[in-house]
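Participant: Next input, structure requested:
(one chain, ligands or ions: 1)
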Amino acid sequence: MSGGHEFVNWSRTLRFHAERYVEPRDEAEVQNIVHQARAEGRIVRVRGAGHSFSQLVTTPHIVMSLDRLKGIVAQNGNEVTVHAGTRLKDLIPALKARGLGLRNMGSVTQQSIAGATATGTHGTGLRYPSMSTSIKALRLVRGDGAIEDITANAPDLLGAARLSLGAFGAISQLTLECVPYYEVDYDAYVVSFDRAVQDLPTLAQENERVLMWWFHLEPLPRDRVIIITKNKAPTPPQGILAGADDLTGGLGGLLRRLGNRISFDGIVPLYVTDLTIGIARSLKSIKTSGNYVRVLHRRGGYEDMLTIPLLPVYHRECEYAIPFANTQTALRRMDSLFREMDAKLRLPVEVRFVGGDADMLSPANEGDVCYVGASTLENSTEIFERFEPLMKELGGRSHWGKHANVTPDEVVTMYPRHPDFVAFRRQRDPDGVFLNTLLRSLFA
Ligand SMILES: Cc1cc2nc3c(=O)[nH]c(=O)nc-3n(C[C@H](O)[C@H](O)[C@H](O)COP(=O)(O)OP(=O)(O)OC[C@H]3O[C@@H](n4cnc5c(N)ncnc54)[C@H](O)[C@@H]3O)c2cc1C
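Facilitator: Just a heads-up that it's a prediction; the model follows:
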């Protein structure tokens, strides 16, 4: 049925109509909207930048954007209070002007700070838990219309509220613990899949940040991967990677020049993956003779080095966090599965590592994790149907902002603190003003 507002997410894979779209100018307006919705039995969902792949913001009634609530509110040393609608791409330069930076982040900067943290957005690095853990306090317009300041004095509640999928109400402000601005050394290596899987647990310990790109693209062999390390500059290659062969002058120089010429701001259609294929073909020609070959070295501000150089392209992504100890088993079993299916993916499988935390709904709750993400488009159903059961079998928990086929019973089993989360939610939104169909099935 058609309505007053059409919502389309970034990847164009989620589309729905809502009665109304609202953009309040201040917190008092947010409160009025919530009071009115509660009185009329309407469901409000807050949207950030619309970068989630899942059904989180779906509602037949009111989509609320906090795009007008943006910018820095106050600073106290390394702690900075920001309006919840602030986009990361605007926050980063504002922090930089104060000599500060974000401790960690994902691959892109289009998200709002409240949206990114609400789903547990993460980067890579065992020393770097998900972005939500940087939140030291937040201010909430609750589902019952009350305003609540949640601080570290109530650690359990804070650990629920900062990764709460918008289920407690509309967050209006967040206080973030930042770090002094930093530069990062970015190094990319080509190596065989087998060697990478053997070494990954060690590489994850030896480097601040490490990730693996594993191509399933014609005409690339599946047994060649790219390992990327990101260490605070200056850090020369460490441990295992100190013995890598070096090719950074040749292909690396070419890749760097290519990367510098591409604008990452706009949305790039899928055919750009031809570019990825072209680069991957070049990588195929590199002879690794069993050793790592360093093909690219860059140094720059963290905001450039931690984000993706050649993306985004349209895709659907399914990503699971599995216990760190299961990394090698998961990748070997995935290798067998994808060979058996002859799986073709538009983008490389991405393997990242994230430090454990105590947030109740965090996929990294109670221990370090390895995140494995599969991204594709036309064949996503077929791929995800086989990928998800494997990840679940190995103790996986799905990323809240990405595609997932997880039942309410599975969520209860995955998250030991689920009952506490539900209790906190009910206190803040007794009438379910912020509960859409998905959230009602999980947390009513
Ligand atoms: C190209 C691309 C790259 C990505 N890279 C990564 C990555 O590297 N790592 C990673 O972990 N994830 C990644 N993601 C996922 C993305 O970071 C998350 O889905 C994130 O939640 C999107 O933020 P958003 O601002 O678009 O929020 P939305 O998707 O609009 O909303 C997400 C959730 O936040 C809630 N929310 C938003 N604002 C508020 C508020 N003010 N108060 C209360 N609730 C609120 C919404 O209700 C919803 O539940 C990527 C996604 C895309 C499309």
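Participant: Would you mind measuring from the nearest residue to Leu241 once chain neighbours are set aside to the ligand?
Facilitator: Using C-beta to C-beta, 6 or more residues apart in numbering and skipping residues adjacent in sequence, the residue nearest Leu241 is Tyr292, 5.9 Å away. Quick note: C-beta positions are derived from backbone N, CA and C, even for glycine. For Tyr292, the distance to the ligand equals 24 Å [C-beta to the nearest ligand atom, to the nearest Å].
Participant: okay, Tyr292: pLDDT?
Facilitator: On pLDDT, Tyr292 comes in at 93.
Participant: repeat for Pro309
Facilitator: Listed pLDDT for Pro309 reads 59.
Participant: Same check on Arg127?
Facilitator: You'll see Arg127 listed with a pLDDT of 97.
Participant: that's a strand at it, yeah?
Facilitator: No - assessed with DSSP: H, G, I helix; E, B strand; the rest coil, Arg127 is coil; it does not lie in a strand.
Participant: from now on call the first residue 522
Facilitator: I'll keep to 522 as the first residue from here, and by that count the last item is Arg648.
Participant: was I right about it contacting Gly876?
Facilitator: Yes - using C-beta atoms under 8 Å, Arg648 is in contact with Gly876, at 5.8 Å.
Participant: Would you mind telling me which of the two has more residues around it?
Facilitator: Taking other C-beta atoms under 10 Å, Arg648 and Gly876 do not tie; Gly876 has more neighbours (18 against 15).
Participant: quick one: low-confidence parts of this structure?
Facilitator: Applying pLDDT under 70 to the chain flags the ranges 522-524, 740, 770-809, 830-833.
Participant: tell me which parts of it are close to the ligand?
Facilitator: The chain comes close to the ligand at residues 531-532, 566-573, 577-578, 587, 605, 627-629, 632-633, 635-637, 639-640, 642-643, 686-687, 691-692, 833, 920, 922, as judged by C-beta under 6 Å from any ligand atom.
Participant: Count residues in the vicinity of the residue nearest to Leu762, would you?
Facilitator: Using other C-beta under 10 Å, the number of residues around Tyr813 comes to 24.
Participant: For the stretch 672-821 of the chain, which segments count as helices?
Facilitator: Secondary structure of the stretch 672-821 of the chain (DSSP state H, counting those that start in this stretch): helices at 676-682, 714-727, 772-781, 794-805.
Participant: May I have the shortest one as CSV, with CA atoms only?
Facilitator: What follows is the C-alpha trace of helix 676-682 in CSV, where atoms were taken according to Å, rounded to 0.1, in the frame of the first residue of the first chain:
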residue,chain,number,x,y,z
PRO,A,676,27.0,0.5,33.6
ASP,A,677,24.4,-2.3,32.9
LEU,A,678,21.8,0.1,31.5
LEU,A,679,24.5,2.0,29.5
GLY,A,680,25.6,-1.4,28.1
ALA,A,681,22.1,-2.1,26.9
ALA,A,682,21.2,1.4,25.7
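Participant: related to what we said a few turns ago, OK, contacts around the residue nearest to Leu762?
Facilitator: The neighbourhood of Tyr813, defined by C-beta atoms under 8 Å, 6 or more residues apart in numbering, consists of 710-712, 716, 748, 761-762, 764-766.
Participant: try Thr654
Facilitator: 683, 878, 880.
Participant: In strands, which of those appear?
Facilitator: Here DSSP state E is the test, and the contacts of Thr654 give no hits in strands at all.
Participant: any chance of those in JSON lines, plus neighbour count?
Facilitator: Converted to JSON lines, the contacts of Thr654 look like this (neighbours: other C-beta atoms under 10 Å):
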{"residue": "Arg683", "neighbour count": "29"}
{"residue": "Asp878", "neighbour count": "23"}
{"residue": "Asp880", "neighbour count": "25"}
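Participant: Of those, which is the nearest to the ligand?
Facilitator: Checking these against the ligand by C-beta to the nearest ligand atom gives Arg683 as the nearest, at 10.2 Å.
Participant: Just to check, that closest one is in contact with Leu659?
Facilitator: Yes - under the criterion of C-beta under 8 Å, Arg683 makes contact with Leu659 at 6.1 Å.
Participant: got any residues that touch both of these two?
Facilitator: Residues within reach of Arg683 and of Leu659 at once, by C-beta under 8 Å, 6+ apart, are Leu695.
Participant: what about the helices in the stretch 822-965 of the chain?
Facilitator: For the stretch 822-965 of the chain, applying DSSP H, counting those that start in this stretch gives helices covering 823-826, 848-862, 901-914, 929-935, 939-949, 958-964.
Participant: Mind checking which of the residues of the chain next to the ligand are in helices?
Facilitator: Among the residues of the chain next to the ligand, DSSP state H puts 635-637, 639 in helices.
Participant: now the residues you listed in JSON lines, with neighbour count?
Facilitator: Below are those laid out as JSON lines (neighbours: other C-beta under 10 Å):
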{"residue": "Ala635", "neighbour count": "27"}
{"residue": "Gly636", "neighbour count": "27"}
{"residue": "Ala637", "neighbour count": "28"}
{"residue": "Ala639", "neighbour count": "29"}
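Participant: Once you drop chain neighbours, what's closest to Asn926?
Facilitator: Glu909 (5.7 Å).
Participant: What is the burial count for the one you found?
Facilitator: Close neighbours of Glu909, defined as other C-beta under 10 Å, add up to 19.
Participant: show me the residues around it that make contact.
Facilitator: 839, 841, 917, 919, 925-927.
Participant: Tell me the spacing between it and His920.
Facilitator: Remark: distance between Glu909 and His920 (C-beta to C-beta, to the nearest Å) = 12 Å.
Participant: what sits in contact with each of these two?
Facilitator: Taking C-beta under 8 Å, 6+ apart as the criterion, Glu909 and His920 both touch Tyr841.
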